[in-house]
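>>> got a predicted structure plus its sequence, pasted below:
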Amino acid sequence: MNSKSDLLKQLKIDKEQQSAPNIKYPWVWAGLAAALLLAALWLMLDRNPAFAVSTSMARIEAGGGNGGQITLQATGYVTARRRATVSSKVMGKVEELLVEEGDYVETGQILAKLDDSNIRKDYLLTESQLLA
């Protein structure tokens, strides 16, 4: 019986032997936790707030000489989901504009034609200097 009680005593955890986990460089872990917290906060911020939209109720008045048909007319505007800035690699006067505001455009589509007379003159001058 004595041997069993000795064996059971060996299974007990000695509280004096327990120690705090050995964490190396606690300031590194604290900095990493702070960086992760800041990144999470940055991602949660609403960087693209929704636009305020006002609505109105339309009132329909029956009658009139339109044969019982009801027509609803409204005015307002629509904003684009995306905006794009278009620029040219060279400066020049716009000779022809091929699209209007609000038109749907595709990649590679020509939007405008620029006056290239100055560039042509520079090209001819460079070509003549090369031949000389």
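Everything's here; your move. Everything numeric here is computed off the predicted structure, so don't read it as measured data.

>>> where does Ser88 fall, helix, sheet strand or coil?
coil (DSSP: H, G, I helix; E, B strand; the rest coil).

>>> next, count neighbours for it.
The number of residues packed near Ser88 is 10, by other Cβ atoms under 10 Å. Just so you know, the C-beta spots here come from the backbone N, C-alpha and C atoms, and that holds for glycine as well.

>>> report the separation between Ser88 and Gln109.
The gap separating Ser88 from Gln109 is 15 Å, by Cβ to Cβ, to the nearest Å.

>>> same question for Thr55.
Note on Thr55: its distance to Gln109, by Cβ to Cβ, is 35 Å.

>>> which one's more surrounded, these two?
Ranked by neighbour count (other Cβ under 10 Å), Thr55 and Gln109 place Gln109 first, with 10 against 5.

>>> contact partners for that one?
Val99 (Cβ atoms under 8 Å, 6 or more residues apart in numbering).

>>> and Ile119, by the same measure?
90, 92.

>>> now it: which helix or strand?
Element membership for Ile119 (DSSP states H and E) is helix 117-131.

>>> which positions in that helix come out as buried?
Taking 16 or more other Cβ atoms under 10 Å as the neighbour-count basis, helix 117-131 is seen to contain no buried residue.

>>> now that helix - C-alpha only, CSV.
Extracted C-alpha coordinates of helix 117-131, given in CSV (Å, rounded to 0.1, in the frame of the first residue of the first chain):
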residue,chain,number,x,y,z
SER,A,117,1.0,69.7,-86.1
ASN,A,118,3.7,70.6,-83.5
ILE,A,119,4.7,67.0,-83.1
ARG,A,120,5.0,66.5,-86.9
LYS,A,121,7.2,69.6,-87.2
ASP,A,122,9.5,68.3,-84.4
TYR,A,123,9.6,64.9,-86.1
LEU,A,124,10.5,66.4,-89.5
LEU,A,125,13.2,68.7,-87.9
THR,A,126,14.8,65.7,-86.1
GLU,A,127,14.7,63.6,-89.3
SER,A,128,16.4,66.4,-91.3
GLN,A,129,19.1,66.8,-88.6
LEU,A,130,19.7,63.0,-88.7
LEU,A,131,20.1,63.0,-92.4
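
>>> no more questions from me, cheers.
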